[in-house]
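**Student:** task: produce atomic coordinates for the following.
(4 chains)
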2 protein chains.
Amino acid sequence: MSLEVSTRLKLVREKHALSQRELAKRAGVTNSTISLIEQNRVSPSISSLKKVLDGVPMSLAEFFTFDIAEPVRPSPFFDKEQMPDIGGEGVKLFLIGHGVQNRHITMLREVYEPGADTGAEMLSHVGQEVGTVVRGEIELTVDEQTRVLKAGEGYYFESTLPHRFRNLGKETAEIISASLVSPNAPPSF
Amino acid sequence: MSLEVSTRLKLVREKHALSQRELAKRAGVTNSTISLIEQNRVSPSISSLKKVLDGVPMSLAEFFTFDIAEPVRPSPFFDKEQMPDIGGEGVKLFLIGHGVQNRHITMLREVYEPGADTGAEMLSHVGQEVGTVVRGEIELTVDEQTRVLKAGEGYYFESTLPHRFRNLGKETAEIISASLVSPNAPPSF
DNA sequence: GTGCAATGTCAAACATATTAAACACCAGCC
DNA sequence: GGCTGGTGTTTAATATGTTTGACATTGCAC
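**Tutor:** Reported below is the predicted structural model:
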């Protein structure tokens, strides 16, 4: 926890443009309680902190995990043509959110021509991968398990497991995938 | 927070095979404190709960975010019908990877009927959100910026920014989205 | 200027959490 | 049987958090 409870509470409260008394009223505590907490003169009990946060509302989990506001991003929208093709043979990968700084999630639109095969890549990166088929059918092998996924079906596995995608059908297959980017790894695209 | 503080603490303590007295000793509190907390007969102060967790060690953020371990999922594959509808009015959300333990990414297939509107939700959760439209068109507003996204286009923004999805067209719209569940909480056991 | 409503702070009374020291229980062992 | 060392629980005293009711300050209206 990088921030004090006092600081966090004040940030939250001001973010919602509430006075100590307003928040106190919603939370069912007195303004003094909030004043003292924000001055770090007391360490509130869980029950009272929860009451206070219920007035926002915000969960204890959110309260302790939220981070300071990030720098503003110019535009959150991304055109189709803005997505660079970064794939290989028979496979086209389009990155959604190209140029985003501090990206944590890599979402890809993956297009597999008939016969396309990623090959059995071995583990590599730590993390998790999730995805769903939006068009066509794709055979997915994870570790020792293999299955053909149709549109609407999905997968979720640890990236450390060896995995392989193959389009065995005659139709182009398309899936949307998302994976975690390790915090400090250099941009791989 | 689905679990009581009392339950969470007991789980954490037993996971680490510590007795109340052992943990108390490491944490610099008395065994009574821990006993009473676990019986839910007191609501500990943040400071004392922090002291207790330091004896594990575990951060407050982890403490409030960790999930109950679910039974291990044998298969990484997910059927279409396995995805539970967890959405609201006019909007259907299908979770991909239902039942995955230690999930870090939440991928959703979001189906918006014509006229569907998520409403202008304010900030709430920490994290990042990315997505792409696979069918139809959807109007997305992030903070102060608004745009209609067509199939193939995407978005990427911080979850703390207020955002709203609306289907203004006559066709059903569908997007695949992914968001981080808890950015910093590492699996501690 | 006065009045008024809002803000955040403070001190003493009160409520609650924490401690210290006991308690009861159980398992193993002599 | 009695002892020992471990467990979690309870109780009275103490420490800490919370409320009550005040205070000082600010900004706005009259």
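**Student:** what pLDDT does A:Phe94 get?
**Tutor:** Listed pLDDT for A:Phe94 reads 77.
**Student:** find the helix or strand that it is a member of.
**Tutor:** strand A:91-96 (DSSP states H and E).
**Student:** can you tell me what sits against the helix or strand just after that strand?
**Tutor:** Going down the chain from strand A:91-96, the next helix or strand is strand A:105-112, by DSSP H and E. Contact with strand A:105-112 is made by A:83, A:87, A:90-97, A:131, A:136, A:138, A:165-167, A:172-181, B:105, B:128, B:130-132, B:152, B:154, B:156, B:176, B:178-180, as judged by C-beta atoms under 8 Å, 6 or more residues apart in numbering or on different chains. From N, CA and C alone the C-beta is placed, and that goes for glycine too.
**Student:** could you export strand A:105-112 as PDB, CA atoms only?
**Tutor:** Only the C-alpha atoms of strand A:105-112 are listed here, as PDB (Å, rounded to 0.1, in the frame of the first residue of the first chain):
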ATOM      1  CA  ILE A 105      -3.600  -6.000 -21.600                       C
ATOM      2  CA  THR A 106      -2.800  -7.100 -25.100                       C
ATOM      3  CA  MET A 107      -6.000  -7.600 -27.100                       C
ATOM      4  CA  LEU A 108      -5.500  -9.100 -30.600                       C
ATOM      5  CA  ARG A 109      -7.900  -9.800 -33.400                       C
ATOM      6  CA  GLU A 110      -6.400 -13.000 -34.900                       C
ATOM      7  CA  VAL A 111      -7.400 -14.100 -38.400                       C
ATOM      8  CA  TYR A 112      -6.500 -17.600 -39.400                       C
END
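**Student:** neighbouring strands for it, and are they parallel or not?
**Tutor:** Using DSSP bridges, the strands paired with strand A:105-112 in its sheet are strand A:91-96 (antiparallel), strand A:173-180 (antiparallel).
**Student:** closest to A:Phe66 out of the ones you listed?
**Tutor:** If you check each of the strands paired with strand A:105-112 against A:Phe66 by C-beta to C-beta, strand A:173-180 wins as the nearest, at 19.1 Å.
**Student:** helices along chain A, start to end?
**Tutor:** A:5-15, A:20-27, A:31-38, A:46-54, A:60-65 (DSSP state H).
**Student:** please see if the last one touches DNA strand D.
**Tutor:** No - under the criterion of C-beta under 7 Å from any atom of the strand, helix A:60-65 makes no contact with DNA strand D; the nearest approach is 13.3 Å.
**Student:** what helices and strands are in contact with that helix?
**Tutor:** For helix A:60-65, the packing partners by 3 or more C-beta pairs under 8 Å, 6 or more residues apart in numbering or on different chains; DSSP states H and E come out as helix A:5-15, helix A:46-54, helix B:60-65.
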